[in-house]
Structure formats: structure tokens, C-alpha cells
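Undergrad: Here is my input; please provide its structure:
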Amino acid sequence: MCGLATAQVQAQTRCKWVKYDRKGVALDTLSLVAGSLQIKSPPGGKKPTYDINTNRVSFAQPFADSILVCYQVLPFLLNKAHFKRDIATYNDSVKLNQNTFLTFDTPDKPEEIFKTPGIQKSGSLTRGVGVGNQQSVFVNSALNLQLEGKLTKDIQVLATISDQQVPFQPEGNTQQLQEFDKVFIQFRHKSGSRLTVGDVVFQNQPSQFLRYYKNVQGGYLELDYQAFPEEKQSHAETKVGIAISKGKFASVWLNDQLREGVQGPYRLQGPNGERFIIILANSEKVYLDGQLLQRGFNFDYTIDYNNAQVTFNTNVVITQFSRVRVDFEYADRNYNRTITTASHYQQFRKFSLYGNYFSSGDNPNNPLGLDLSDADIDALSLAGDDPTLALASSIDSVGALANQVLYRRKDTVVNGQIFNILQYAVDSSAIFRVSFTEVGVNRGDYQLLQSTANGRVFGWVAPVNGVPQGSFAPVKLVPTPTLQKMMTVGAAYQLSKQDKIYAEMAFSERDLNRFSDLDNADNQGRAWKVGYLNQGRKIVGWKGYRWLADVSLEWNEATFLPIDRYRSVEFDRDWSINADTSQVNDLIFRGRAGVRKDANNQLMYSYNHRVRGTQVNGWQQKLVAAKRLGIWQLKTKGFLMNNRQTLPLNGALTEVVSQWQRFSGDLSQHYRWAVLGYNYSLDQNRVATLASDSVVTTAMNFDQHRWYIQNADSARFQWLVDYSVRYDNLPVEGKLKRGLESHTVNARLNARLNRNQQVKLIMTYRTIDNKLDTSNNVLNADNIMGRIDWNAFFFNKSLRSQLTFATSTGRELRREFVFIPVNGGQGTHTWRDDNEDGIQDLNEFYLAINLDERNFIKVFVPTDDFISAFTNNFSYRAGLRAPFSWRKSDSRLRQFVSKWSANAAWTIVRRMTDDDIYNRFVPFSNRIAAIDLLSTREIIRSTLFFNRANPSYGFTFNFLQSKQKQLLTNGFEASDQETYGLILRRNLGKSFNLQLDASADNKFVRSDFLQTRNYNIISREGKPALAFQPNPSWRLTGFYRLTQKMNTLKRGETDTLENAQVQEFGAELRVNIVGKRSIVMRASNIRIDYRGELNNAVAYEMLEALQPGSNWRWSVNWQQRLGNGLRLTLVYEGRNTAEAPVPIHSGRAQITALF
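TA: Residues are numbered from 1 along each chain as shown. Presented below is the predicted three-dimensional model:
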């Protein structure tokens, strides 16, 4: 209870716009504070109910539009298991427990450099420097500090401070994200007022028009107070914030990318055509057919924030008729963008008044990462509001630079015409750095070339009959600085507990190009809305029923532009128009009335009328009815729309009529054991010319029958089986004809078979029959996907088993990669100029073995080249051990068996074009042709232990098999590895320990475009070690290693098979004085006998980044405690090879202060 009380003190207030769902809404990934739920917009309404077990909120009455719900959350999820250490981590075969003799004793009290009574803190401040005779001097620093406690009696502080810049976003495969790079300081007063500085979120307050959600860096002040202390029914809230923006809001449709049965990934692009963007973590909202989806591997979708890719899970089915819209923020720091927000809400008795202000503006005089020339600024000033006109040359004369992709100018003659072109070169004539932009097929003169250069290389393509043959041009799209502002004022008067009237006025300003004075006449706009709302009046004689009603009138000026989308996700689609394609005035009347008891007993009717220039002049009618009679439940929804509009058809404006009919009727019988039901739905849109009644298009036109049977609400097992048949009509020669017939079968199961077993199953089978000819581009197709999860314990939890398997249809991306230099020792790869030409080629980069050679990182560059593929994901983990009671059993057999234990893990991820059903559903099938296997990642790890818990003697046997293949723009890259390892250990008396390591390894690397990297190395290794430890303070170890290596892959008829023998003699001394210092000194001599070429990938691997002959390595690692909370670390490494003129030295010094 004390922990829960503390958590409530730290509860965070959040607000979210939600849409009604009869099953309830999951507002947050954390548990909500009881009693904190409030409906902010529209104000009032019956308070929703919260189920702590499901973490979902149910609303007492449905609502037509989204509402704003505010709530507080606890810093954890109450219905989720919490632990300090996960027992599964210690059963993972990846983590192999080894004997550790020298460790620091954990003090009873944490070390800290200074005391802070009343404030709990943790973290450290680190400063370091590194130097070496083969690398430049570099410095590093790290600050991590967490604070929580009371500054004074009335003020609390909560802080997370770090100076580490994380260059990537977290993985979006879980419902709750770990925002490890969030930095902020928050001061909270006991009255509820707060000041937050750092990484904060600006989110709109209740408003009809002003909606935004911004991840920013700045300050946010929130004041909560009583405006008139003498008046109890008065309350006021004031919030002010100013910050620097992290990103930019966008709302995009993915409909053009969606393919029948393909779950993804699908790429998100910016609103101005930005192709490769980074999504800000946790900023996205994904809608499928108007319904908000839930992120997570076990839910609806996952998202790759760094590559801006969304992949849908087997919980949802993607078809050619699916509608997907994604709202998100993406990184856009071309200019220094300042965001200012302010809001005030005040209530006095029955009257409430509020005002909101938001401003987001780029500073044209402070570009970030943009080097704008005078020519660029002139081009921007003439572009006006059209971003496609803001093009500038991307050719930059930088002179001859080493290790860069540069071009030279050259004249060439084609059919008697002279062209001045750019040509990639590596000599001194290459002095131009050029960035190429994809401008579309047959719109550019350059094309991407296959090359081993460390970077993308483009080549000129001659035009044919004056038509360009390339897709790229040496130009850049210069982003324009923008400005957005909006101010709203509103008021409401409570006529009674259930009735109120309200009004709001909004003023907007948007400048799409602050460099230009052109097109500024449409920058400012206005909007207003007035209405009456009845939130539920009791009806005499109808027990439990309430009368609901609301009416409103809204007007938007033609030039009014919102900050973020404030209407429902499919608002304009329901009027049969594209969203905001032109600037015209918009007038909307809404009326709604009905009675409601709960979601199963209600009758609601609504009528909307809209006039929007020549796009909309029509009405909508909606009806929702539901009634429960005994075991029978009837639910119906109806929608009618009629709209006269003018559309451009065949180069002329044509008057058309759009009619839309929707109906959904669900009749079900509820028994104690199951629910049986039938659902009929139709969604028929028809857009026809007014003159001839000829159908020109349709947004959707189908009718569907669905039969289902599922578990009752109180059933122990959750299961569902349904079958549906759907008929889609398509416009053909001015008429709607039966085009597609689809049949879909779904099966779902979530059952706990007993105390030790649980199984989850999702299966979908869908078949499509094309009734039209093949010119429709949609052929007959079958699609099957599914997932099964099985967790089990057997024999009193002695055997643990966990299985996950999923299959679907997706897409595989062709990738490129480049190597980028970083500070010495901070990277992963090294470059060796094998051909001694001074040019960095891709085949000259290797995974670095020596720390001082880690000067590059491998960065994958995304492309837009996707290939449809069948996917399967398989994961199996198992652990076996004898019951603990057997260790003390009187039976010698049980005692012997209790000494054995084993762990195993098997993971397979495949993308293939082979549609064979066996290969799709058997993840370990070996019948897939190499050309059909686009990518794979297969890892098998298993470990067998004997006498694992006994420090006197024991052994461990390891097995590892790894297969990887990835699809690149130039071809394939693959590697296979198989390793067997044995570790024997034995204590020889109290002071000596003998250990023998033996392993057999086979490593096969192949590439179809970097053939010099192909090899198949077989190695055998033995390593005995003898340790002497007379006391816990120091330990001396001597060891010997013998390794035999051979490359069995020939690259030519005259090539010889490389082989090497590596012998290493060495010693290691560890000294540990508890609480003072720790010293590790190591030295070894490595003698290598090698036959083969020296300057290639095989030699680097077999020689272990050393040279044939005698090599020396030595190192010292000294950790010294200088005082309470202060530690010094000194690291020195050196090596010398037989052919090196001088030894290579590198050293690092680091001091750490603990808070």
C-alpha cells in the first residue's frame, strides 16, 4: 500500500482523443489512477468506468465524434508481472554462467560523492581521454543522473539528466516503449502546479479546432488554482510553454502502397515527398478502416521508427480495399523551429471560458544543417507556396578529397549533340561532391550504378529521342521555412446538470515559405462553432434509459488551416471527397438525438448537412439501434449520404451525384457456453454523372455475409470461428458489375489448458475469385496466415518449453550499406587498403578485432526497392533440469541425474518467394532453392551442463549454428557458422584450478558481388589454462592456445588453400583489494605460421588481424577508488608484430563520479 501511495504522488496527467468502441478503449499502456478519469471535450457527460484487470475504459453511452479524455497514470501496469530480475534471463542459453572469483563487494550504502538528504539520486558523471601512436586523441564524456525527492516541504523534484545523444529511436515492437534518451527536470507543488524543463510533450487543451501533440525540448508551466478564493464553484488552469521542436506533424494515407494479403512493411513518407525520414518514437497513430490500432508484437502492428516502416501482424488482415492512415511526427530540423503554447481555462459557477494559443515557426535566418547560398535563397523567394519549385543545384566544388565519392565534368557527344555530364572518378580530376535526388522515371539523366565504392555512385544515361532515361538528377529540394499559428476562444454555459450551450472561435495563420512574399493572400483564416449538448436526461417510465441530444453549426473560412487534424480520420471520405484539395468555405450542420441505456440497448439518430463549394452539397443520416431480449441480441447501424458535387472528368468539370449506403445488422444468441451469430453488412458508394447516370468511380461497393460462433463472456477458453463471404462491385463501362468474390475463414483461440500450459492461436484463410477479366490487375489468389504461441511446464517445472510460430505474406527490402568513420575505438569495423590504391572499397572493410582499429561503423541505407515475399518466424526455447529435491535424495541415480541440465534456443526468420505450402509452414525446411530465399536469419544455441553448481569440477558442452542471408541492391550477402565447444574444469587442491577449452568451428562466408570476401574456414582449437589463487586478493593464470585453420574454398584454378597454425603463450594476473583497487595485467606471445596471400579477407580472418611470425600483445586495466563516490580507470593496450617497425600503443584514462 505504501508503494501504491507513492506511485499516486508521482502520477502523470495525460489527455487523449478517443473514438467510441463498445469493447472499451485502452487509453494507456500504464494503469490509471482510480477516480482520475475526466471527459474534457465535449465537457461533461457521464463518467466512464475503468476495469483495472483489462486496463480498458468503458463509456456509458456512445458518441458520434471523438472525445477528449484526461486521466492520470501510475508508473507501472498493475496487471503485469513485475520483478527486479527475470528468472528467464538466467535460464537463457545465451547467458552462460561462469565462475567469477574476483568481484567487488556490494556496499550496504551506495557510494556517492556528496549527500542530498531528502532526495534519492543515482547515476554518474564520466570524463575520459584516449590517445595512441596510431590514432588521434579523442575525448568522451557521459552524464547520467536521476533525482527524486523533496526540495522543500511543498515542492517535489523529479529529474532525468543525460548528455548522451542517442542517434536512433527505440524499436516499435512493444506496446510500451523505453524512452532511454528522455531528459527532463520537473518541479511539482502540492497544489498541483508543475514546471517541467527538458524533453516535454505539448498537447492541446480542450478545443474544437486546435489539436496538436508535439515532442519538444523546452519548458512547460502548469498552474492549477482557484480564481476567486471566496467562491467555491470557481476554478482556473493556466498553462504556458516555449520550446524547440523535435519534429513535424504529418498525416498520410498508405492506400496506394497496400497489396492484397501483404502485411508489410510499408514505408511512411513526409507530406512534401520526403522519402527517408525518422519517426519520433511513440508519436504515431495507425488507423485501419477508421479504427485505431494498437502497437506491439502481440497486438496489431510493429513500427521501425528509424526506417519509417509499418508492418501489420496476423491480428489484422490487409486487403486491396483496406484503408490505412497514419498520423505521426518525424524528425525535421532544417531550421531552428520555436514552438509557443498558452492556454487558460476558467470556471465560475455555471459559466466557463477558455482560450488557447499555439505558434510554430521556423527561423529563416538560422538554418540547421543547411548551407543556403544566395542562389538558393533567391530560388526560395520565387517559389512562393509551391515546394516543388524550391529546387537548387547540388553540385559542390570541394577539390580533390581522399576517401569520398567525387565526380568530374566531362563533355560527351551522342547523335551529334554535346552533353556536359558528371562522371564518377578517383583521380585528381574529381573535384565535385554531388547529391542526387530521385525525380521519377524518365525525368532525370542519371541512374544508380553497381559499385564497390564506399558510397552510392550514379552514372549518366543518354536520352532517347529527347526523352530522359534516368530517374535521378543532380539537384536538391530545398526545404522552405514555415510558420503556423492558431488562437481559439470559447465559452460554455451549463443550463442544468445535463444541458449546456457552447461556442468557439478560431483564427489561423500559415505561411508555407517565409522567404517569399508571394502567395501570402491565403495565409489567414477563421472558423467558428456553436452548439447545444444534452448529456443524458432521465426518461420517466423508462428505467435506466436517458435522453441524449446535441445540435451544432460549424463554419470554416476557405483559408482556415488547422495545426493538426481535428476531425475524425475518415470525415472527408464519408462525404466522398479528397481531404482539403481546394480552398473553399465549409458550412456543417449536425444534429443528433436518441435514447440509451447501455451499448446493448439504445436508439440514436443523427443528421448532418454540409456545403463546401462545388465539392459538397449534401446530407448524411445515421442510425444506431441495439436491443437485448433474453438470449437474443440485435445490433444495427445505418448510414445514408447524398452529395452533389463537381469533379474534373476527361479535362472538363462535370456535375456528379455521390450516393452512399451503409448497413450493418448483427443478430446473435447468447448461451452459457457460446454465442452464435449472423452479421450482414453492405457498404455501397456510387458516384455517377448527373446527366447520364453513368458510374465514374466508387470508394467502396460491397455486401458481406458473416456467420460466427464464439465463447460466452464467462467461458474459461476464449475462442472464435467465423466465415464470411463478400461480393465487391467495380465500375466497368459506366456500370457497377460484380468484380470480386472473396471467402474468409478466421479462427482464434486463447486457452489455458491447465496450470502449466497455455496456447494462443490465430489463423486466417482468404481466397479471392476475380469475376472480371485479368485486365483488372487483380487475379485469383489465396492467402493464408497465422500464428501460434505455446508455453508449457512439465514434470514440476523441470522441463520448460516456449514456442512461437507465425507465417504471412510480406515484403523484403533491398538494402545498401556504407562505412562511416568515427572516433578511434568507438566503431565496429576497420579499413585495410588491400590493393594499395588509397580508395576505400566495400570489400576492404572488416569487422575489427583490435580495439584501436575500430574506426568505422556500418550503416545500412534504405531504398524503395521492395520484393513481395512469404514470411515465417519460428522461435523455440526449452530448458531441462532435474527437480531440486533430487540433489539431496537418497537415490544415487537421482543425485547423478540432478547434476545434469540443458538449455536450447532455436530462432528462424525467413523471407522467400517459393509458394510451396510445405516450405511456408515448415520453417526448418531445406527444400527451398537458393534463388527463392531472399533473406534468412537462423540461430540454434544449445548448452549441456554437468555439475554446474559445483565449483570443484564439471563440464559444459556448447553448440551454435548460425545462418544469415540478406538482400542488397547489388546482390546477396550470406554467412554460415557452426561451432562445437567443450569446457572442462577441475580444482587441484585449494589454490589451483585447471581448465581446458576445446572447439571446432566452420565459417562459410559468400557474396555474389564481393567475391573476394568468399571463404570457408575450418578451424580446430584447444586451450588449457592453469590458475593459481592462494587468497581472494590475487590470481595468476598461465595459458596456451593452439589453433589450426584452413580455407577449403578455392577462388580459382591456380589458387592454393590458405592455412594457418596459431600458437599463443600467455599469462594473466588479477589483483583485487576490496574497496580500493582492481588490476588486471595480461601479456601473450602469438606465433603464426601462415601460407597464402596476405592482403585479402581470408588473411585478415585467419591471422586474427596480426602478421605471420611472432606477435606480442599486452594490456593493463587499473581501476582505483580515489574516495567515496570517485573512481579512476586506466587502460593501456599494446601489440607488436614481426614486420612492424614500432609497437602500437593505445591508452585511455577515465574518471567517474557516482551520485
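Undergrad: can you give me the strands in the stretch 501-650 of the chain?
TA: Using DSSP state E, counting those that start in this stretch, the strands found in the stretch 501-650 of the chain span residues 524-538, 546-556, 586-598, 601-612, 616-629, 632-649.
Undergrad: possible to save the ones you listed as a markdown table with mean neighbour count?
TA: All C-beta atoms are positioned from the backbone trio N, CA, C, and that covers glycine. Below are these laid out as a markdown table (neighbours: other C-beta atoms under 10 Å):
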| stretch | mean neighbour count |
| --- | --- |
| strand 524-538 | 18 |
| strand 546-556 | 19 |
| strand 586-598 | 18 |
| strand 601-612 | 18 |
| strand 616-629 | 17 |
| strand 632-649 | 16 |
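Undergrad: I'd like those strands as a markdown table, with mean pLDDT and distance to Val439 appended.
TA: Converted to a markdown table, the strands of the stretch 501-650 of the chain look like this (pLDDT from 0 to 100; distance: least, C-beta to C-beta, whole Å):
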| stretch | mean pLDDT | distance to Val439 |
| --- | --- | --- |
| strand 524-538 | 92 | 33 |
| strand 546-556 | 94 | 35 |
| strand 586-598 | 93 | 35 |
| strand 601-612 | 94 | 34 |
| strand 616-629 | 93 | 35 |
| strand 632-649 | 90 | 25 |
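Undergrad: what's the closest of those to Ala1027?
TA: strand 586-598 (73.0 Å; C-beta to C-beta).
Undergrad: how far off strand 546-556 does that closest one point, in degrees?
TA: Note on geometry: by axes from the mean of the first three to the mean of the last three C-alpha atoms, to 10 degrees, strand 586-598 and strand 546-556 are set 170 degrees apart in direction.
Undergrad: and the protein, what are its domains?
TA: The chain is divided into the following domains under automatic domain parsing: 1-82, 391-477.
Undergrad: Select, out of the ones you listed, the one closest to Gly677.
TA: Of all the domains of the chain, domain 1-82 comes closest under C-beta to C-beta, at 14.1 Å.
Undergrad: where along the protein do the helices fall?
TA: Applying DSSP state H to the chain gives helices spanning 2-9, 87-90, 374-383, 892-897, 917-921, 1097-1103.
Undergrad: helices and strands around the longest one, which ones?
TA: Just to be clear, that refers to helix 374-383. For helix 374-383, the packing partners by 3 or more C-beta pairs under 8 Å, 6 or more residues apart in numbering; DSSP states H and E come out as strand 391-393.
Undergrad: in the strand it packs on, what counts as buried?
TA: Leu391, Ala392 (16 or more other C-beta atoms under 10 Å).
Undergrad: Also stretch 979-994?
TA: Buried residues in stretch 979-994, counted by 16+ other C-beta under 10 Å: Thr979, Gly981, Ile983, Leu984, Arg985, Asn987, Asn993.
Undergrad: Restricted to strands, list these.
TA: Per DSSP state E, strands hold the following members of the buried residues of stretch 979-994: Thr979, Gly981, Ile983, Leu984, Arg985, Asn987, Asn993.
Undergrad: Lowest average confidence across the helices of the chain, which one?
TA: The weakest mean pLDDT among those belongs to helix 2-9, with a mean of 36.
Undergrad: if we can go back for a sec, looking at the helices of the chain, which is closest to Arg755?
TA: Nearest of the helices of the chain (C-beta to C-beta): helix 87-90, 17.2 Å.
Undergrad: for the helices of the chain, which one ends up most surrounded?
TA: Among the helices of the chain, ranked by average contacts under mean count of other C-beta atoms under 10 Å, first place goes to helix 1097-1103 (a mean of 22).
Undergrad: Packing partners of that helix?
TA: Against helix 1097-1103 (3+ C-beta pairs under 8 Å, 6+ apart) you get strand 845-847, strand 1015-1031, strand 1034-1047, strand 1059-1073, strand 1077-1091.
Undergrad: rewinding a little: same list, the strands of the stretch 501-650 of the chain, but as TSV with distance to Val897 please.
TA: Shown next, in TSV, are these (distance: least, C-beta to C-beta, whole Å):
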stretch	distance to Val897
strand 524-538	68
strand 546-556	68
strand 586-598	59
strand 601-612	63
strand 616-629	59
strand 632-649	57
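Undergrad: quick one, which of these is nearest to Gly440?
TA: With distances scored as C-beta to C-beta, the stretch of these nearest to Gly440 is strand 632-649 (22.3 Å).
Undergrad: so what's Ile207 up against?
TA: Actually, residue 207 is Ser. It isn't Ile. Neighbour list for Ser207: Ser41, Tyr354, Asn356, Thr488, Gly490, Glu504, Ala506 [criterion: C-beta atoms under 8 Å, 6 or more residues apart in numbering].
Undergrad: Include distance to Arg910, neighbour count and pLDDT when you put those residues into TSV, please.
TA: Converted to TSV, the contacts of Ser207 look like this (distance: C-beta to C-beta, whole Å; neighbours: other C-beta atoms under 10 Å; pLDDT from 0 to 100):
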residue	distance to Arg910	neighbour count	pLDDT
Ser41	48	22	57
Tyr354	56	20	93
Asn356	52	24	95
Thr488	53	25	95
Gly490	56	24	94
Glu504	55	23	95
Ala506	53	24	96
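Undergrad: pLDDT at the closest residue to Asp789 other than its chain neighbours, what is it?
TA: Residue nearest to Asp789 in three dimensions, not counting chain neighbours: Lys760, with 4.3 Å by C-beta to C-beta, 6 or more residues apart in numbering. On pLDDT, Lys760 comes in at 92.
Undergrad: quick one: contacts for Lys760?
TA: When contacts are counted by C-beta under 8 Å, 6+ apart, Lys760 touches Leu749, Asn750, Ala751, Arg787, Ile788, Asp789, Trp790.
Undergrad: tally of neighbours for the fifth one?
TA: Using other C-beta atoms under 10 Å, the number of residues around Ile788 comes to 16.
Undergrad: do the same with the third one
TA: Applying other C-beta under 10 Å, we find 16 residues neighbouring Ala751.
Undergrad: Tell me the spacing between it and Asp789.
TA: 11 Å (C-beta to C-beta, to the nearest Å).
Undergrad: who touches both of those two?
TA: By C-beta under 8 Å, 6+ apart, the residues touching both Ala751 and Asp789 are Gln758, Val759, Lys760.
Undergrad: now, which of these sits nearest Arg920?
TA: Distance to Arg920 across those (C-beta to C-beta) is lowest for Lys760, with 20.1 Å.
Undergrad: so what's the closest one bridging to?
TA: Asn750, Asp789 (DSSP bridges).
Undergrad: Please enumerate the strands of the stretch 201-350 of the chain.
TA: Using DSSP E, counting those that start in this stretch, the strands of the stretch 201-350 of the chain run over residues 213-225, 234-245, 247-253, 266-267, 285-288, 291-292, 301-304, 309-312, 324-331, 335-348.
Undergrad: Redo these as a markdown table? Include distance to Asn1096, mean neighbour count and mean pLDDT.
TA: Formatted as a markdown table, the strands of the stretch 201-350 of the chain follow (distance: least, C-beta to C-beta, whole Å; neighbours: other C-beta atoms under 10 Å; pLDDT from 0 to 100):
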| stretch | distance to Asn1096 | mean neighbour count | mean pLDDT |
| --- | --- | --- | --- |
| strand 213-225 | 48 | 19 | 89 |
| strand 234-245 | 49 | 18 | 89 |
| strand 247-253 | 45 | 19 | 88 |
| strand 266-267 | 37 | 22 | 91 |
| strand 285-288 | 48 | 20 | 93 |
| strand 291-292 | 55 | 16 | 90 |
| strand 301-304 | 35 | 23 | 90 |
| strand 309-312 | 36 | 22 | 92 |
| strand 324-331 | 40 | 22 | 91 |
| strand 335-348 | 48 | 19 | 91 |
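Undergrad: Those into JSON lines, with extra columns for distance to Phe202?
TA: Converted to JSON lines, the strands of the stretch 201-350 of the chain look like this (distance: least, C-beta to C-beta, whole Å):
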{"stretch": "strand 213-225", "distance to Phe202": "4"}
{"stretch": "strand 234-245", "distance to Phe202": "5"}
{"stretch": "strand 247-253", "distance to Phe202": "11"}
{"stretch": "strand 266-267", "distance to Phe202": "27"}
{"stretch": "strand 285-288", "distance to Phe202": "17"}
{"stretch": "strand 291-292", "distance to Phe202": "21"}
{"stretch": "strand 301-304", "distance to Phe202": "22"}
{"stretch": "strand 309-312", "distance to Phe202": "25"}
{"stretch": "strand 324-331", "distance to Phe202": "11"}
{"stretch": "strand 335-348", "distance to Phe202": "5"}
